[in-house]
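Novice: Quick check, what structure comes out for this input:
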Amino acid sequence: MATDERIQVYEHKMTKTLEGLTKELVTIRAGRANPHILDKLTVDYYGTPTPLQQVANITVPEARMIQIQPWEASLIKEISKAILSSDLNLNPNSDGKIIRLVLPELTEERRKELVKDVKKKGEAAKVAVRNVRRDANDAFKKLAKQDVSEDEIKELEEQIQKITDKFVKEIEKAVEEKSKEILTV
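Specialist: Numbers count the residues shown, from 1 in each chain. Next up, the predicted model:
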């Protein structure tokens, strides 16, 4: 039973790495409107930086448009300012009550850049998972000093390798799906 606990700690760290990558990939804009591209935006709400989702209703009325309806009309300028100062490269259109973000068609060159970025993030996640494996193996080697048999240590290392392989495959799958989504016109 102790073996499971020793492995679970590292498996949990790998799970966190995969979740982080997944959250990051959701914020990358593919061809169609996705309200999650606004997840990183914060708005100055009475002097407090507040996530956009907490001060406005965000909808996708059309495939290439995001609509932001603030709960207070006074926030229109703040939200527009936050969008303009972000790295989204979007121009907010406002009628005084609602902000509309029209997403331009991605160029082939921009799509390829985004795919490169996705692959870079995937590689970073794989490196993080492998670092967890290395930490686990180092910890297992230290167990030899605590009267744990070499066979048991070998078994732990094999288990952590299988878990590492599983997470690397999941990361590759997530990167592949996102790349495909970006390249689909």
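Novice: which parts of stretch 53-64 are buried?
Specialist: By neighbour count on 16 or more other C-beta atoms under 10 Å, the buried set for stretch 53-64 is Val55, Ala56, Ile58. Where you see a C-beta, it was placed from the backbone N, CA and C, and this is true even at glycine.
Novice: Thr27: which of the residues you listed is nearest?
Specialist: Comparing the buried residues of stretch 53-64 against Thr27 with C-beta to C-beta places Ile58 closest, at 13.3 Å.
Novice: Pretty sure that closest one sits against Leu52.
Specialist: Yes: using C-beta atoms under 8 Å, Ile58 is in contact with Leu52, at 7.1 Å.
Novice: Let me know the helix or strand that Val118 is in.
Specialist: Per DSSP states H and E, Val118 falls inside helix 108-143.
Novice: just to revisit the earlier point, quick one: which of the buried residues of stretch 53-64 sit in strands?
Specialist: Ala56, Ile58 (DSSP state E).
Novice: of the buried residues of stretch 53-64, closest to Asp95?
Specialist: Asp95 lies nearest to Ala56 out of the buried residues of stretch 53-64, by C-beta to C-beta, at 14.5 Å.
Novice: any idea how far Arg134 is from that closest one?
Specialist: Taking C-beta to C-beta, to the nearest Å as the measure, Ala56 and Arg134 are separated by 44 Å.
Novice: Equivalent analysis for Ala73, please.
Specialist: Applying C-beta to C-beta, the value for Ala73 to Arg134 is 54 Å.
Novice: Not counting its neighbours along the chain, what's nearest Leu114?
Specialist: Ile182 (4.9 Å; C-beta to C-beta, 6 or more residues apart in numbering).
Novice: now swap in Gly122 and tell me
Specialist: Of all residues not flanking Gly122 in the chain, Val175 sits nearest, at 3.6 Å (C-beta to C-beta, 6+ apart).
Novice: Can you verify the one you found is assigned to a helix?
Specialist: Yes: membership of Val175 in a helix is supported by DSSP: H, G, I helix; E, B strand; the rest coil.
Novice: and it, what is it in contact with?
Specialist: Contacts for Val175 (C-beta atoms under 8 Å, 6 or more residues apart in numbering) come out as Leu25, Val118, Lys119, Lys121, Gly122.
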